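[1] no sequence on this one, just coordinates:
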């Protein structure tokens, strides 16, 4: 991990993207160990976790994770997911936190030296470039080990450093239970309502 112990580091986690990535490689992220891993290597200022929530559901299975993160050292940023009907008449859920994450990262940039972005979304390439112009170093965390890479090539090239989740999982991952009625988080952006689990973005 290319983090200088003297650097002030922040973690920005795109919750839905990290969930999709960890699911694709068959692991769960142990968030307690994730915090400890970065705290041991640098001065960790803060860890942010971004996700959208379906508000009109009686029970959201991501709520226990959100509550746990909130009480255990993470700053959780949420917004309501939006429900809409597509051209084919299917009900879908949309919840994208890219703008919120980008604005926060830029507004706080004077307070940190190194941003660690947990996302493979190519939309963040412009954010990474903007932070680098401000003298910040940026590490992107995603994976190249899946048949189709979970990270955009432009984002990986723009970042100063790249950490593969499959490698990071050796210290902060765990094998998910075989039979599980609810996952920690299920990405539900643009999925038909019938197949959407009432979880994060």
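    Great, that's in hand. Just so it is clear, the model here is predicted, and its values are computed rather than measured.

[2] From here on, just use CA atoms for contacts and neighbour counts.
    Fine.

[3] Quick check, central residue of the chain?
    The residue lying closest to the centre of the chain (Cα atoms, centre = their mean) is residue 14, at 2.4 Å.

[4] Now do the contacts for that one.
    Taking Cα atoms under 8 Å, 6 or more residues apart in numbering, we find residue 14 in contact with 49, 50, 51, 97, 98, 101, 117, 118, 119.

[5] partners of it in the sheet?
    residue 50 (DSSP bridges).

[6] Read off the pLDDT value for residue 96.
    On pLDDT, residue 96 comes in at 78.

[7] tally of neighbours for it?
    21 (other Cα atoms under 10 Å).

[8] that's a strand at it, yeah?
    No - according to DSSP: H, G, I helix; E, B strand; the rest coil, residue 96 belongs to no strand; its state is coil.

[9] if I look at the residue nearest to the centre of the chain, how far off is residue 40?
    Computed as Cα to Cα, to the nearest Å, the residue 14 to residue 40 distance reads 22 Å.

[10] Could you check stretch 67-78 and say which residues are buried?
    69, 74, 75, 76, 77, 78 (16 or more other Cα atoms under 10 Å).

[11] oh, I was asking about stretch 105-118
    In stretch 105-118, counting by 16+ other Cα under 10 Å, buried: 105, 109, 112, 113, 114, 115, 116, 117, 118.

[12] Give me the distance between residue 70 and residue 119.
    In terms of Cα to Cα, residue 70 sits 20 Å off from residue 119.

[13] An error on my part: the question was meant for residue 175.
    21 Å.

[14] neighbour count winner among those two?
    Using other Cα under 10 Å, the more surrounded residue of residue 175 and residue 119 is residue 119, with 26 against 12.

[15] Now the phi/psi pair for residue 69, please.
    phi -60, psi -40 (degrees, to the nearest 10).

[16] Report the separation between the residue nearest to the centre of the chain and residue 48.
    Distance from residue 14 to residue 48, by Cα to Cα: 9 Å.

[17] how many neighbours does residue 133 have?
    10.

[18] Equivalent analysis for residue 123, please.
    Look at residue 123: counted by other Cα under 10 Å, it has 15 neighbours.

[19] State the pLDDT value of it.
    pLDDT, residue 123: 95.

[20] can you pull the contacts of it?
    residue 98.

[21] Distance of it relative to residue 147?
    21 Å.
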